[in-house]
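Participant: Okay, sequence plus prediction incoming.
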Amino acid sequence: MKIVVTKEGELLDYLYNNLDMPKKRIKQYLTHGSIFVNNNKTTKYNYHLIPGMNIIIDTENKNKKTLPFDILFEDDHIIVVNKPSGLLTIATTKEREKTLYHIVRDYLISKNRNAKVFIVHRLDRDTSGVVILAKDEKTKNKLQENWNEYVSLREYVAVVHGKLNKRSDRIVQKLKETKTNLVYVSHDNEGKEAITNYQVIKENDKYTLVSINLETGRKNQIRVAFNTLHHPILGDKKYSEIKDNESRLYLHANRLKMYYPEIKKEILFETATPNEFKKIMNSK
């Protein structure tokens, strides 16, 4: 919407007196940085106007949302984000609205009301890091059906209790799940194979920072693997018997490399180690 100023005055009053628009809505446009005077953005109600000035109101911008976390990659077919700890990837019977899926969907719809979003893979509620979502069902199906062939790297970083006996190791386990959704190691050679590789990055008196590379993607496999070693992940209230006061699980999916068929080559999605991890490793 474009307006040419014909009379001297203050911006808010001028717009209110010359537009069929509630003052509250005009204030919202100003607050959201959607009003420009002579191509300069302004949020001042009392911006001084003189005849001949041009006012542009970007009526689309006010309704656009921003995400409360980083977008690592976005094109017409996928959006890759850095999911925070404590956020479900997709709805459950107990939580339907406050999910990664809903937040990303609302963001995309704010830009295109016909936008859709589909979950390609998940992270646990307590785990942060790289998550890929598709913008169309064809892309979602292609990525899911070829996931093990397309994904060549699934790397995590974690802080675990104590000092590990080995600087690096390959942990091979058979995992089963109870009716109450707890994963455990099977000793009868039944269950799904889970392979977890780790490398020590840094140690202090109480904790160890490790880099983890997965060969399989089983539910809770990293948490179970380190708990089995008696070095549970810091903040793990589900599997660890060590009571700590941490508000988050210190497990972060920091790197995922995938063949992306749309561009016909591999692409690496990467995030930094969370600041909480660095802080606790430097504090002991």
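Facilitator: Sure, I can see it.
Participant: The stretch 51-200 of the chain: strands as residue ranges?
Facilitator: Here the stretch 51-200 of the chain has its strands, by DSSP state E, counting those that start in this stretch, at 54-57, 71-74, 78-83, 118-119, 128-134, 151-161, 168-177, 183-185, 192-203.
Participant: Sheet-wise, list the partners of the second one with their directions.
Facilitator: Here the strand partners of strand 71-74, with direction, are listed using DSSP bridges: strand 78-83 (antiparallel).
Participant: Touching the partner strand from outside, list them.
Facilitator: 67, 69-74, 89, 100, 104, 108, 117, 120, 123, 127-135, 139, 143, 260, 262, 269, 271 (CB atoms under 8 Å, 6 or more residues apart in numbering). For glycine as for every other residue, the C-beta is placed from the backbone atoms N, C-alpha and C.
Participant: Report the beta-bridge partner residues of the closest residue to residue 218 other than its chain neighbours.
Facilitator: Spatially, and ignoring its direct neighbours in sequence, residue 218 is nearest to residue 194 (4.2 Å; CB to CB, 6 or more residues apart in numbering). When bridges are called by DSSP bridges, residue 194 pairs up with residue 173.
Participant: if I look at residue 194, how far off is residue 180?
Facilitator: Separation of residue 194 from residue 180 (CB to CB, to the nearest Å) stands at 19 Å.
Participant: Which of these two has more residues huddled nearby?
Facilitator: residue 194 (23 against 5; other CB atoms under 10 Å).
Participant: Relative to residue 251, how far out is that one?
Facilitator: 15 Å.
Participant: one step back: quick check: which of the strands of the stretch 51-200 of the chain is buried the most?
Facilitator: strand 128-134 (a mean of 24; mean count of other CB atoms under 10 Å).
Participant: And the average pLDDT for that strand is what?
Facilitator: Here strand 128-134 scores 98 as its mean pLDDT.
Participant: got the contact list for that strand?
Facilitator: Against strand 128-134 from outside (CB under 8 Å, 6+ apart): 72, 77-85, 89, 100-101, 104, 117-123, 140, 143, 156, 248, 251-256, 258, 269-271, 274.
Participant: Equivalent analysis for stretch 241-252, please.
Facilitator: Under CB under 8 Å, 6+ apart, the answer for stretch 241-252 is 85-86, 124, 126-129, 156-161, 222-223, 232-237, 271, 273-274, 276-277, 280.
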